[in-house]
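**Q** my questions are about this predicted structure, shown below with the sequence.
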Amino acid sequence: MPAARPHRGATINSQSSRFALPERAADGDWLDQCESIDGAPPPLRTTVTVERARSIITRNQSPDIGFDRSINPYRGCEHGCIYCFARPSHAYHDLSPGLDFESRLFAKPDAPDLLRKELAKPGYTVAPIAFGTNTDPYQPIESEWRITRGCLEVLAETRHPLTITTKSDRVLGDIDLIARMASDQLVSVALSITSLDPRIAMTLEPRAPAPHRRLAAVRALTAAGVPTYVSIAPVIPAITDHEIEHILEAAAEAGAKAAFFIPVRLPWEVAPLFKAWLEAHFPDRAGKVMATIAALRDGRENNPGFFTRMRGSGPWADLLRTRFTIACRKHGLDQKRIALRTDLFRPPSGPQGELF
């Protein structure tokens, strides 16, 4: 079993996928000889490729998702969360959902201009646009590329509603825009906190900000008048499930309005990556974790059925929901999420309109 790489989530970079792409296997004999002469390989560096997208708003009709449109400024995510359900999307680029997903990234610098064009189309109907539904809009490269910031500037200008889900306190870099939009009920933010234990967080989400920094972001956003929620997504049996009550207590103390959770999902190539990660970091309980996940997913590693995929099923899922519901009620986190306004939208003016 490959050893864990420092500051990375996946332990392997297998190319095997449902697209039957060719396996790219390293020459083990050569690597052994190379390491004996040159020492251990250098840290895996992150690279960013520019993607020239033709559109930026992604639509979906999934009945168990509370939004019908989203924006993802980046493909791949440097946070390296081992459980990320977006990992399989890298196979579309003939790249591995493993280490490639967290080190070979794509950025869409034209996103703000594309967004402006799409919002200006005749007949455009307004509904909240979700950020952070696939990869994190505030992953480390946002500090340099600032594509999320550019999109938020367009949405602030047009008074268009949006939601943000992130694991990063980098969201505070845009608090000027977010707070202003929140005053008009145009934005809400969800901070994802899966563990309060720095050691567990470091292996689960190796390049995401530490849990205490995310809680600090909840406090800062709440103080600025931004409706802020906490997401415990995912809950991993025998790894993080014992922390549900503690996370909710900390979220309430930080000022969160409400919370939600999702049991761990292992679609497509995520399952073998997750199992390899378990063997590297938690070999003492790997079998127990996978057995419990199977109990949550109708005896499978993953159940993709609508509604079931977000909730799980069976006694384990019922137990998690009961514990979560009781803790939310105890800490006042059972409030309904606010409805964002759609009536303030004003389409972006084109060059001709700016003359008047």
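**A** Noted; the coordinates are in hand. Numbering: from 1, shown residues only.
**Q** all contacts plus neighbour counts: C-alpha atoms, from now on.
**A** Fine.
**Q** and the spatially closest residue to D174 that is not a sequence neighbour, what helix or strand is that in?
**A** Closest residue in space to D174, ignoring its immediate chain neighbours: R149 at 6.8 Å, by CA to CA, 6 or more residues apart in numbering. In the assignment (DSSP states H and E), R149 maps to helix 147-158.
**Q** and the next helix or strand past that helix?
**A** That would be, after helix 147-158 and using DSSP H and E, strand 162-166.
**Q** mind listing what's buried in the helix or strand just after that next one?
**A** Counting by DSSP H and E, the next helix or strand C-terminal to strand 162-166 is helix 175-182. Residues of helix 175-182 classed as buried by neighbour count (16 or more other CA atoms under 10 Å): 175, 177-182.
**Q** can I get those in CSV with distance to W145 and pLDDT?
**A** Below are the buried residues of helix 175-182 laid out as CSV (distance: CA to CA, whole Å; pLDDT from 0 to 100):
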residue, distance to W145, pLDDT
I175, 17, 98
L177, 17, 98
I178, 19, 98
A179, 22, 98
R180, 23, 98
M181, 22, 98
A182, 24, 98
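**Q** out of those residues, who's nearest E144?
**A** Taking CA to CA as the measure, E144 lies nearest I175 of the buried residues of helix 175-182, at 17.2 Å.
**Q** sorry, back to before: what separates the residue nearest to D174 from S168, distance-wise?
**A** Between R149 and S168 the computed distance is 14 Å (CA to CA, to the nearest Å).
**Q** neighbour count winner among the two?
**A** S168 (25 against 20; other CA atoms under 10 Å).
**Q** how about the lengthiest strand in the chain: buried residues?
**A** For the chain, the strand with the greatest residue count under DSSP state E is strand 228-235. Buried residues in strand 228-235, counted by 16+ other CA under 10 Å: 228-235.
**Q** that strand vs strand 162-166, what angle?
**A** 50 degrees (axes from the mean of the first three to the mean of the last three CA atoms, to 10 degrees).
**Q** just the CA trace of the helix or strand following strand 228-235, in PDB.
**A** Scanning forward in sequence from strand 228-235 by DSSP H and E, the next helix or strand is helix 244-254. Only the C-alpha atoms of helix 244-254 are listed here, as PDB (Å, rounded to 0.1, in the frame of the first residue of the first chain):
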ATOM      1  CA  ILE A 244     -21.300  15.700  15.500                       C
ATOM      2  CA  GLU A 245     -22.500  17.200  18.800                       C
ATOM      3  CA  HIS A 246     -19.200  19.000  19.400                       C
ATOM      4  CA  ILE A 247     -19.100  20.600  16.000                       C
ATOM      5  CA  LEU A 248     -22.700  21.800  16.400                       C
ATOM      6  CA  GLU A 249     -22.000  23.300  19.800                       C
ATOM      7  CA  ALA A 250     -18.900  25.100  18.400                       C
ATOM      8  CA  ALA A 251     -21.000  26.300  15.400                       C
ATOM      9  CA  ALA A 252     -23.700  27.700  17.600                       C
ATOM     10  CA  GLU A 253     -21.100  29.500  19.800                       C
ATOM     11  CA  ALA A 254     -19.600  31.000  16.600                       C
END
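**Q** re earlier: from A53, how far off is the residue nearest to D174?
**A** When distance is defined by CA to CA, R149 is 18 Å away from A53.
**Q** before we move on, what about G76?
**A** Distance from G76 to A53, by CA to CA: 15 Å.
**Q** pLDDT weak spots in this protein?
**A** 1-6, 14-42, 350-356 (pLDDT under 70).
**Q** all strands for it, in order.
**A** Taking DSSP E as the test, the strands found in the chain are 47-50, 58-59, 69-71, 74-75, 104-107, 129-131, 162-166, 187-192, 228-235, 258-263.
**Q** returning to that earlier point: show me what the helix holding R149 is packed against.
**A** With contacts defined as 3 or more CA pairs under 8 Å, 6 or more residues apart in numbering; DSSP states H and E, the packing partners of helix 147-158 are helix 111-119, helix 175-182.
**Q** using JSON lines, lay out the ones you listed together with distance to R8.
**A** Listed next are the helices and strands packed on helix 147-158 as JSON lines, based on distance: least, CA to CA, whole Å:
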{"stretch": "helix 111-119", "distance to R8": "28"}
{"stretch": "helix 175-182", "distance to R8": "29"}
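**Q** okay, now S62: neighbour count?
**A** Using other CA under 10 Å, the number of residues around S62 comes to 11.
**Q** and what of the one 3 residues further on?
**A** I65 is surrounded by 11 other residues when neighbours are defined as other CA under 10 Å.
**Q** ok, the one 3 residues further on next?
**A** Using other CA under 10 Å, D68 is surrounded by 16 other residues.
**Q** shouldn't it be in contact with Q61?
**A** Yes. Between D68 and Q61 there is a contact at 6.1 Å, judged by CA atoms under 8 Å.
**Q** biggest helix in this protein, by residue count?
**A** Counting residues, the longest helix found in the chain (DSSP state H) is helix 315-330.
**Q** now that helix, how far from the chain's geometric center?
**A** Here helix 315-330 shows a centroid-to-chain-centroid distance of 23 Å under the convention CA atoms, centre = their mean, to the nearest Å.
**Q** just the angle for that helix relative to strand 228-235, thanks.
**A** 160 degrees.
**Q** on that earlier part again, return the distance of the residue nearest to D174 relative to K275.
**A** 36 Å.
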